[in-house]
Structures are given as structure tokens and as C-alpha cells.
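Q: Sequence first, then the predicted structure:
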Amino acid sequence: MKEIIHGSILRSLVLGAVLLTSHLALASDKSVLDRIKAANEPFDTMKIDSTHPLSMKTVRSNDSYQGGTFKVLTRKDSIERFRCSGCHKDKKVQVRDGVSFTHGDIVINHGSEGTSLSCSDCHNEKERDFLVGKKGQKIDFDHSYQLCGKCHFRQKSDWVGGAHGKRVKYWAGERVVYNCATCHNPHSPRFKKRMPATFSRPLDE
Amino acid sequence: MNSPKKKEGQMKKKDMPDTQCSRRSFLKTTSIAAAAGSASLVTGCIPGKNSGSSEEFKLKWEEYFKEHYRLMTQEEKDATISRLVRLAKLQRGLDLQMSSRPAREQVLYGYAFNISRCEGYMDCVKACVKENNLDRKSKTQYIRIFEMEPGQLDPSTGDAKYFHEVPVDNKFYMGVQCFQCENAPCVKACPTKATWREPDGIVVVDYDWCIGCRYCMAACPYWGRRFNWGKPEIPDEEVTTKQHYLGNRIRPMGKVEKCTFCVQRTREGKLPACAEACPTGSRVFGNLLDPDSEIRYVLKHKKVFRMKEELGTDPKFWYFID
């Protein structure tokens, strides 16, 4: 009799253990990290058919990221007085127009104290419609990230990879990202202090 | 000894169809009547005949007895959506576009938040309130931005009520919202199975099956859920009309609601409203199953951590530093 009882207790224990482990196995399914590790096949984001072409002008970047080439928002269209060579040529300028021609509205607050940048560090003195790299290379305004990346190379590689800056509107479809100068004023690149857009009520109220 | 039992059993079997049928139908009619009666008394869900048009009454009636979202066929989903769209038109004159788009295949949404870039401007919070049709009266917000002392990583030490010029020197900012845990405690806590994890990883709520018990809010270690104490108030002109059944449709009163990574946007390929609004690029969103995505780049190349990882909730929301 005793043996039978023991046997039944043992059986129920074994059954319980099996049920418990099976439950655990279900609960631990597959963690996010496991799923990420297992996913090595590139995902074709173009097959998300609900993305639409952007209304902003874009240009194909000279760099490429882990997923191939990508596009950046153009810059030239948002520079008010582009092309620069419209004024910066052998054209005679009248003194009374001097105020608007000297770019007096631009405040340069770029670079640390003592090594602050001046106009010709970035702007091409010979070909006025271009920027200039450290070694005198011509850089197009639409590809100004190439110039920024000369000093800010860490931010540049993060930007190419996707940890700095951001995509425009979509996570899927063809990759379009903001240009450096879309967010940063190149003459004064640090974001300004301002009031927050809204405020939160205390949680315990 | 066994024969009378057998006889009884046989008799029951023979008698069953009739009695069971009538009993069931009787219970059904009485329970429906009782439910309808109590509903109209307590919540006003089923209006009296004199309130609203007869069409509105019929739609509300049908809405009241609909199925759980996950048990609905596509036709039933379409039907409830067309009812909700029609009700919004009848009640408020709104022209909604509501979707029931299911999860995309081979997609698992993930989010990363750069705590060294966020400047505390709270444009994300504002965009979220607008996009997700959050109640303006109670100032419900899914996102909380904490102003933190350097060295601290626990948001409960931070200040979420700040309203002054930002960024303040020598402080950093940390955003908290629903982390869409893979092993979500809120899902386990729900007694009516009104909340669950979708195949693309988003934890959603069937707002019509939520009974408002708020067990999920108690279970969530991240303060990720909000309760609707009153009827949500949103000016007509500010209502986001592109909606998803599981996302930003205007929730009824007395329900728990939460961030869904803007399911109405992300399943269409768009970024969540917070990520699109962020002026500093602190918010990275993408497909965790795509090795070329931005989120995967962050996970691979940056120092990342998840909040309260030791709890085993397996959130799909990482913080990172440059």
C-alpha cells in the first residue's frame, strides 16, 4: 500500500516537473537578442509598398552605408542667395549696397575658442559656388557632409551608419537622410537653448 | 449495480437536446437583456431609443456585442471598422480613415534613444499627443522626458516636471515610454486577454475588451501605460483622422491605453511621430531583423543598455551614448 502511494507521489512529481519545464520552455520562447542574432538576411525595405516619394529635393550621397547607397536632402535650394558667384565676380558694387553684401548677419560660433573658424576655412575662395576641403578639394554644397566629416569624422561615420542624424519620414523604402546643415546651422552648429514644446503633469497627481 | 446509472445516463442523453437548447436560449436572451440593461444604466453605452438616430443606436448595439479583435475574421474587422467610421461621422462629423493592417512579415520593431544627444525640447511629446489623439483635458502623455543628474541612470531620480529653458548645463535628458517588451508583464497580468504582443513585436490593446482593471499598469515596471479617467476631449480640428484599430483611434472612457510605436504609421513604413518630430536625432527606429537597418547599426557599434534588464522583460527599447 505504502509503495503504491509513494509511487503515485513520485509519478505526480515527475509529471509536475515535466509540466513546469514545458511551461518554462514556452515562456522563454526566444529572446529579442537571439532573434536579432539569427537575423542576418538583408530585409528588402522596398517591398513595403506604402511609402511615397518625398516632396523635398534629394541627391544621391557619395558615401554608402551598410545597406548600399542612400540619398540626402539637398542644401543648395535652401541657401537664399545661391549661386554665390552671382555677386562674387568682377562685378562692381555700390557702397550703399555694402550692408547687405558683407554678410553682416552671419555670426560665426563654430570651433572652440582660439581656434574659431573663419569664412575661408570652409568656403572656396577661388570657385565661390563651392566649399573647400583641407587639401583644397572642391566640395559641392549638396555634399557638405564631406566637409563636416573632415573634422567631425566620428559623427560622420555614425551619420552614415544611422546612429547620428535621422531618416526623413520613413523607416522603410529608399533611405533618405537629413543633411548635416538641415539641422545644424553651419556657422553656429550647437543647438540653441529654448523652452520645451510642452510640459508634463506629475505622475502622482 | 451499474444498470440504473447507465439508464440514468442514457435518459439524460436522450433528453438533453431539448432541455439544453431551451435552457441555453433562455439564458442567452436573459443575459443579453441584462447586459444591455446594466450597460445602459451604468455606462450609457447602449442609449435609450430617444437618444441619437436609430442608425446610431443600431451601430452602437452591434459594436457592443462584437468579438475580441484576435478572434475576428477579416470581414468582421472590416465591419467593426466601418461601424466605427460611420459612428464618428454621425456623432462628430469626422471623416476617419481607419486601418486594420496586420503585422508585416520579417519585421520586428526596435527603438534606440541617444541620451547624450537629447536636449529635452519635448517636441516628441507634443507630436505624440497630436498623432495618437490623446486626451487634452487630463494632459495624457505616453512619453515622459526626465531631466537627470549626471551619473544617474534611474529615471525615478530625475525630474519629469521641468519647464524652463533647455538644455540645462550639466544635466542630461532621458525619454521613457512603452518599451514593447518581448516578455511583457502587462500581457500576463491582463485577466481578459485584452492586451497582447503582435508578431511585429508591438504590444497592443483591444480597447473594447479592456475592462479597465489596471492590473497591467501595476504589472508594468516602466510606467508605460495610461488610464482614461474621462471621456477623451480632443478638438475636432486636431483629431488625427488616419487611424488604426489597435493604435490611435479615440479610446472610450475607462480603458488603459499605451504607446504602440505609432502602429498606424509604422506599419505603413513611416517613422513613429516622436522619431519624426525629434529635432536632435536622438530617436532611432527600425527593423531589428534587418542587419542593414539603423537600429542594428546602433546595437552593433554603440554602448547600449536597456532599463531594468535584470527583470527579464526583454524590452525592445535601448538607450545609447555617443
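A: Noted; the coordinates are in hand. Numbers count the residues shown, from 1 in each chain, chains lettered A, B, ... in the order given.
Q: measure the one residue sitting closest to the centre of chain A to B:Cys128 for me?
A: Nearest to the centroid of the C-alpha atoms of chain A, with distances taken as CA atoms, centre = their mean, sits A:Gly165, at 2.0 Å. From A:Gly165 across to B:Cys128, the span is 21 Å (CB to CB, to the nearest Å). (Each C-beta comes from the backbone N, C-alpha and C, glycine too.)
Q: swap in B:Lys66?
A: 28 Å.
Q: Of these two, give the one with the bigger neighbour count.
A: Taking other CB atoms under 10 Å in any protein chain shown, B:Lys66 and B:Cys128 do not tie; B:Cys128 has more neighbours (23 against 17).
Q: was I right about that one contacting B:Ala273?
A: Yes: using CB atoms under 8 Å, B:Cys128 is in contact with B:Ala273, at 5.5 Å.
Q: which ones are touching A:Gly149?
A: A:Gly149 makes contacts with A:Gln155, A:Lys156, A:Ser157, A:Trp159, as judged by CB atoms under 8 Å, 6 or more residues apart in numbering or on different chains.
Q: Give me the distance between the helix or strand containing the third one and the centre of its chain.
A: For A:Ser157, the enclosing helix or strand under DSSP states H and E is helix A:153-161. For helix A:153-161, the gap between its own C-alpha mean and the chain's C-alpha mean amounts to 8 Å (CA atoms, centre = their mean, to the nearest Å).
Q: Number of residues surrounding A:Gln137?
A: Residues lying near A:Gln137 (other CB under 10 Å) number 13.
Q: pLDDT wise, what is it at?
A: Here the pLDDT value assigned to A:Gln137 is 89.
Q: Kindly identify which of the contacts of A:Gly149 also come near chain B.
A: Here nothing survives when the contacts of A:Gly149 are matched to chain B using CB under 8 Å from any CB of the partner chain.
Q: Compare the residues you listed and tell me which has the most neighbours.
A: Going by other CB under 10 Å, A:Trp159 tops these with 24 neighbours.
Q: That residue against A:Thr182, yeah?
A: No: in this structure A:Trp159 lies outside contact range of A:Thr182 using CB under 8 Å: 11.4 Å.
Q: can you give me the strands in chain A?
A: Using DSSP state E, the strands of chain A run over residues A:58-65, A:68-73, A:131-132, A:138-139, A:176-177.
Q: for the stretch 151-300 of chain B, same thing?
A: Per DSSP state E, counting those that start in this stretch, the stretch 151-300 of chain B carries strands over the ranges B:172-176, B:195-197, B:203-205, B:225-227, B:242-244, B:256-258, B:283-287.
Q: Just name the most buried of these.
A: Across those, averaging neighbours per residue (mean count of other CB atoms under 10 Å in any protein chain shown) puts strand B:283-287 on top, at a mean of 26.
Q: What are the contacting residues of that strand?
A: A:43, A:45, A:162-163, A:166, A:171-172, B:106-114, B:124, B:175, B:261, B:266, B:271-272, B:274-275, B:293-296, B:298.
Q: export the strands of chain A to a markdown table and tack on mean neighbour count?
A: Shown next, in a markdown table, are these (neighbours: other CB atoms under 10 Å in any protein chain shown):
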| stretch | mean neighbour count |
| --- | --- |
| strand A:58-65 | 16 |
| strand A:68-73 | 17 |
| strand A:131-132 | 20 |
| strand A:138-139 | 16 |
| strand A:176-177 | 22 |
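Q: check contacts around the closest residue to chain B within chain A.
A: Relative to chain B, the nearest point of chain A is A:Gly162 (2.7 Å; CB to the nearest CB). Going by CB under 8 Å, 6+ apart, A:Gly162 touches A:Tyr65, B:Val284, B:Gly286, B:Ser293, B:Glu294, B:Ile295, B:Tyr297, B:Val298.
Q: Quick check: pLDDT value at the closest residue to chain A within chain B.
A: In chain B, the residue found nearest to chain A is B:Glu294; the distance is 2.7 Å by CB to the nearest CB. pLDDT recorded at B:Glu294 is 95.
Q: Counting neighbours, what do you get for it?
A: B:Glu294 has 27 nearby residues by other CB under 10 Å.
Q: For it, which non-adjacent residue is closest in space?
A: Excluding the flanking residues, the one nearest B:Glu294 by CB to CB, 6 or more residues apart in numbering or on different chains is A:Gly162, at 2.7 Å.
Q: Give me the distance between stretch B:138-151 and the centre of its chain.
A: 20 Å.
Q: cool, and stretch B:167-174?
A: Distance, centroid of stretch B:167-174 to centroid of chain: 31 Å (CA atoms, centre = their mean).
Q: what about that stretch, start to end distance?
A: Using CA to CA, to the nearest Å, one end of stretch B:167-174 lies 12 Å from the other.
Q: where are the low-confidence patches of chain A?
A: A:1-28, A:203-205 (pLDDT under 70).
Q: B:Gly224 reaches B:Cys186, doesn't it?
A: Yes: contact criterion CB under 8 Å: B:Gly224 and B:Cys186 qualify, at 7.4 Å.
Q: and the residue lying closest to B:Val205 once chain neighbours are set aside, what is it in contact with?
A: Among residues not flanking B:Val205 along the chain, B:Thr195 sits closest, at 4.7 Å (CB to CB, 6+ apart). Contacts were defined as CB under 8 Å, 6+ apart; by that measure B:Thr195 touches B:Cys186, B:Val187, B:Val203, B:Val204, B:Val205, B:Asp206, B:Cys210, B:Cys216, B:Val256.
Q: can you tell me how far B:Thr195 sits from B:Pro315?
A: To B:Pro315, B:Thr195 is 16 Å away according to CB to CB.
Q: again, but for B:Arg214
A: 21 Å.
Q: With neighbour numbers in mind, choose between those two.
A: B:Pro315 (23 against 15).
Q: Can you tell me how far B:Lys66 is from B:Arg251?
A: 16 Å.
Q: Spit out the contact partners of the nearest residue to A:Asn109 once chain neighbours are set aside.
A: Distance criterion CB to CB, 6+ apart; nearest residue to A:Asn109, sequence neighbours excluded, is A:Ser188 at 4.1 Å. By CB under 8 Å, 6+ apart, the residues touching A:Ser188 are A:Val107, A:Ile108, A:Asn109, A:His110.
Q: May I have the beta-bridge partners of A:Ser188?
A: Note on A:Ser188: beta-bridge partners by DSSP bridges are A:Asn185.
Q: now it: how far from A:Phe153?
A: The spacing between A:Ser188 and A:Phe153, counted by CB to CB, is 21 Å.
Q: same deal with A:Arg81?
A: From A:Arg81 to A:Phe153 the distance is 30 Å (CB to CB).
Q: next one: B:Ala194
A: In terms of CB to CB, B:Ala194 sits 50 Å off from A:Phe153.
Q: Am I right that the residue of chain B closest to chain A is in contact with A:Gly161?
A: Yes: if you go by CB under 8 Å, B:Glu294 and A:Gly161 touch, sitting 7.3 Å apart.
Q: list residues touching both of those two?
A: Contacts common to B:Glu294 and A:Gly161, judged by CB under 8 Å, 6+ apart, are absent.
Q: what residue ranges in chain B score low on pLDDT?
A: By pLDDT under 70, the low-scoring segments of chain B are B:1-52.
Q: Quickly list the domain ranges of it.
A: B:21-95, B:109-321 (automatic domain parsing).
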